[in-house]
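Colleague: sequence unknown, structure follows:
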């Protein structure tokens, strides 16, 4: 199993504690609606919906709010129709950036993404220019106080590919199709995951050793992540813990 730095997972997304609760709720609800629309409202039969449901519950979204979102997705209640759109681009230092959005207006969101990139030292790229540098993975995080050998053994039995630590949690990486079996294996062993998610992970990292460039990258990622339509931002930037700590401070 590999050992990774804090930025090895390279998905930059500020936690719920750094955002207004309403914005976190809105992102969770959109994801649930789209998952229910695309795969039906049965949690047992729709793995994407189940993952979105678990993420929403982890963010303390009320159960009745989730149930209404599922019904809007399946058409039982009226609602706005959201479309999943990915945007690709580059940031300072040539780092690759993937942006996942759920939008009810493709033209508006595209224009606003382009503006965010250009205003923060980056530039949008054509579809396919960046996406080949990422692959879809399941990500399960487990509290760091759990025994590493036990987490590794249980996760591998469930089909995990890798185990690492980012300094605050154990990070279990899986193929998308094995995400649920790994989650279930950990649950059955009495190990409650902190989060269960599908993510775009980079196939290689781009070091950003210059502190000024690194902070520019972080500001760009933060500005994009703060957009209401954005569900997640992913980058292949490899930034030191020291620079990250100074940015967050």
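Modeller: Nice, I can see it. All values derive from a computational prediction rather than experimental measurement.
Colleague: contacting residues for the most far-flung residue of the chain relative to its centre?
Modeller: Distance from the C-alpha centroid of the chain peaks at residue 76, with 28.2 Å (C-alpha atoms, centre = their mean). Residues near residue 76 by C-beta atoms under 8 Å, 6 or more residues apart in numbering: residue 41. C-beta: built from backbone N, CA, C; applies to glycine.
Colleague: you'd agree it is in a helix?
Modeller: No - counting by DSSP: H, G, I helix; E, B strand; the rest coil, residue 76 is not part of a helix but coil.
Colleague: Can you tell me the SS state at residue 142?
Modeller: Quick answer, by three-state DSSP: residue 142 is strand.
Colleague: Skip the chain neighbours and tell me the closest residue to it.
Modeller: Nearest non-adjacent residue to residue 142, counting by C-beta to C-beta, 6 or more residues apart in numbering: residue 170, 4.2 Å away.
Colleague: so that neighbour bridges to which residues?
Modeller: Judged by DSSP bridges, the bridge partners of residue 170 are residue 142, residue 165.
Colleague: I figured it hits residue 150, correct?
Modeller: No - under the criterion of C-beta atoms under 8 Å, residue 170 makes no contact with residue 150, lying 10.2 Å away.
Colleague: From residue 70, how far out is the residue farthest from the centre of the chain?
Modeller: 8 Å (C-beta to C-beta, to the nearest Å).
Colleague: got any residues that touch both of those two?
Modeller: Common neighbours of residue 76 and residue 70, counting by C-beta under 8 Å, 6+ apart, are residue 41.
Colleague: so how far is the helix or strand where residue 172 lies off the chain centroid?
Modeller: In this assignment (DSSP states H and E), residue 172 forms part of strand 169-174. Computed by C-alpha atoms, centre = their mean, to the nearest Å, the chain-centroid distance of strand 169-174 equals 13 Å.
Colleague: hmm, back to that, I'd like to check which residues are in contact with the residue nearest to residue 142.
Modeller: Counted by C-beta under 8 Å, 6+ apart, residue 170 has contacts 141, 142, 143, 144, 146, 148, 151, 163, 164.
Colleague: what does residue 49 give?
Modeller: Contacts for residue 49 were tallied using C-beta under 8 Å, 6+ apart; they are 32, 35, 36, 39, 40, 41, 42, 43, 70.
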